[in-house]
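**Q** Requesting a structural model of the entry that follows:
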Amino acid sequence: MKNIKDFTSAITTPLASIFGSGFLVMVPILVGAVGEYAIYGILLITFVAYNVGNIIRFNIKHVEPLLESGASRTTLYLEKISDFALTVAYVVSVSLYLHILSAFVLTGLHADTVFNEDMLTSMIIITITVIGITKGLNALEFLEKYALLITLVIVFALIMSFFVYDLKLYMNGTGFTMPKPLEHSTSEVFAILAGMLIVVQGFETSRYPGNTYSAELRIQTSKYSQIFSTIVYVVFISLALPIAYLLKGVYDDHSLIILVALTSSFMVVPLIVVAALSQFSAAVADTLAASGSLEEVSDKKVGKAASYLLIAVFAIIVTWSVHTLEIIALASRAFAFYYLLQALVAISVSKKTLEKIYFGVLALILLGITLFALPVG
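**A** As a prediction, the model looks like this:
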């Protein structure tokens, strides 16, 4: 019983992080990029992500013990830089999560404008910062478990409603009308798919609760969270694809609400609620992670309050600088750079030639994502 409890507890964080924003934005981005081939797009993205996950799992098993004693100067240096890169990635993701929250809530209120999105996002960032400085954010960590549960319930409810709608189309004999992608060159399509790495990001969180769970358990939960989310995403995209034509070629950060309103209007309010809860929870979790990472990187020279302020300032700068879909690509680049550094860490400790080649190939792919990832449109 204890093993089951530990497993469910350990898998909550990576699953919550992966589902944090992925299902809310991936339909319009994939359809806008590749149209009727969206299923192949998500399969490619999750395949790359799973292999990147192998880097993290390798480092849990082989690098963590060396960091305590015995790691080379190169490994320690790369690990230090990757910690800083992860901090930056978390700050960008805080802005992303809250931008998505704002887009969904404001769409529900028929008040979704760029200015309103940026303003509401900034207000929430300031609120989280004030709570963090005055009371601490640890008290809000309980939201993660409930946000994940509610998110999964809504995802499966949407899957069922899309299935029923698709079935009606099929039974009526009208056939399926596949959506058309936006005009993109082949290289732009791959750059856009690269910019979607963030929607399957989160498996790396299994690396960090090292004092709470064993390495073996964290490796298992990282792997199973990726497998489970891949299955759900493929099914979700498959069932959403035949009705995505209803978007009429307009693909935005809140397009899922429009799609749900046209196919199962009773799901709109629950979708907005779960979007708000899941994005707020994810933003709190990433603020905590960024704060802890910033303290570690600075050797405790930056305190908790100062770290919250720094995170807020940079998250607000990101918020007002770029639109949601651009932040998605920016966050993908930031996490790809972190994963790239982790690949170099893995290479620095690996003893096998084939492993070094494998991690080297992944490092090159991640370098490409870091340099060339683009937003849809």
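**Q** Would you confirm that Ile133 contacts Leu310?
**A** No: because the distance of 11.8 Å does not satisfy Cβ atoms under 8 Å, Ile133 is recorded as not touching Leu310. C-beta coordinates here come from the backbone N, C-alpha and C atoms, glycine included.
**Q** Off-centre distance for stretch 228-248?
**A** Chain-centre distance of stretch 228-248: 17 Å, with Cα atoms, centre = their mean, to the nearest Å.
**Q** who touches that stretch?
**A** Taking contacts as Cβ atoms under 8 Å, 6 or more residues apart in numbering, the residues outside stretch 228-248 that touch it are 15, 18-19, 22-23, 26-28, 30-31, 36, 38-39, 42-43, 46, 50, 155, 158-159, 162-163, 165-166, 169, 176-180, 200, 255, 258-259, 262-263.
**Q** Now, of the residues you listed, which are buried?
**A** For those, a neighbour count by 16 or more other Cβ atoms under 10 Å gives the buried set as 15, 18-19, 22-23, 26-28, 30-31, 36, 38-39, 42, 46, 155, 158-159, 162, 165-166, 179, 200, 255, 258-259, 263.
**Q** how long is stretch 11-28 from one end to the other?
**A** 28 Å (Cα to Cα, to the nearest Å).
**Q** Rounded mean pLDDT for that stretch, please.
**A** For stretch 11-28, mean pLDDT is 84.
**Q** now stretch 48-57: mean pLDDT?
**A** In this model, stretch 48-57 has a mean pLDDT of 96.
**Q** contacting residues around that stretch?
**A** Judged by Cβ under 8 Å, 6+ apart, the contacts made with stretch 48-57 from elsewhere in the structure are 197, 200-201, 203-204, 206-207, 219, 222-223, 226-227, 230, 339, 342-343, 346, 359, 362, 365-366.
**Q** Please apply the same query to stretch 368-375.
**A** 188, 191-192, 194-195, 197, 323, 325-326, 328-329, 332-333, 336-337, 340.
**Q** Can you flag which of those belong to helices?
**A** Residues from the contacts of stretch 368-375 lying in helices, with DSSP state H as the criterion: 188, 191-192, 194, 325-326, 328-329, 332-333, 336-337, 340.
**Q** And these, which is closest to Ala282?
**A** The shortest gap between Ala282 and any of those belongs to Ile328, at 13.6 Å (Cβ to Cβ).
**Q** Next, the contact list for that closest one, please.
**A** In this structure, Ile328 makes contact with 25, 29, 96, 195-196, 198-199, 375, judged by Cβ under 8 Å, 6+ apart.
**Q** try Val284
**A** Applying Cβ under 8 Å, 6+ apart, one finds that Val284 lies in contact with 128, 137, 140-141, 143-144.
**Q** Return the residues in contact with Ala71.
**A** 63, 79, 349 are the contacts of Ala71 under Cβ under 8 Å, 6+ apart.
**Q** got a pLDDT number for the last one?
**A** So that's Val349. The predicted local distance difference test score for Val349 is 94.
**Q** for Val199, same thing?
**A** At Val199 the predicted local distance difference test score is 86.
**Q** Not counting sequence-adjacent ones, nearest residue to it?
**A** With Cβ to Cβ, 6 or more residues apart in numbering as the criterion, Val199 has its nearest non-adjacent residue at 3.8 Å, and that residue is Gly22.
**Q** what do you get for Thr212?
**A** That would be Ala10: by Cβ to Cβ, 6+ apart, it lies 7.8 Å from Thr212.
**Q** Counting neighbours, what do you get for the one you found?
**A** Other residues lying near Ala10 total 22 when counted by other Cβ atoms under 10 Å.
**Q** Would you confirm that it contacts Ser214?
**A** No: the pair formed by Ala10 and Ser214 falls short of the contact definition of Cβ under 8 Å, at 9.0 Å.
**Q** list the contacts for the closest residue to Val302 other than its chain neighbours?
**A** Here the nearest residue to Val302 in space, its sequence neighbours aside, is Leu294; by Cβ to Cβ, 6+ apart that works out to 5.4 Å. Applying Cβ under 8 Å, 6+ apart to Leu294 gives the contacts 87, 302, 307, 310-311.
**Q** With distance to Leu109, neighbour count and pLDDT added, can I get those residues in JSON lines?
**A** JSON lines is the format used below for the contacts of Leu294 (distance: Cβ to Cβ, whole Å; neighbours: other Cβ atoms under 10 Å; pLDDT from 0 to 100):
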{"residue": "Thr87", "distance to Leu109": "33", "neighbour count": "25", "pLDDT": "90"}
{"residue": "Val302", "distance to Leu109": "37", "neighbour count": "16", "pLDDT": "85"}
{"residue": "Ser307", "distance to Leu109": "33", "neighbour count": "23", "pLDDT": "90"}
{"residue": "Leu310", "distance to Leu109": "31", "neighbour count": "18", "pLDDT": "93"}
{"residue": "Ile311", "distance to Leu109": "27", "neighbour count": "26", "pLDDT": "93"}
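**Q** If we only consider these, which is nearest to Asp6?
**A** Thr87 (27.9 Å).
**Q** All the helices of the stretch 251-377 of the chain, in order from the start?
**A** Secondary structure of the stretch 251-377 of the chain, counting by DSSP state H, counting those that start in this stretch: helices at 255-263, 268-297, 304-321, 324-349, 353-372.
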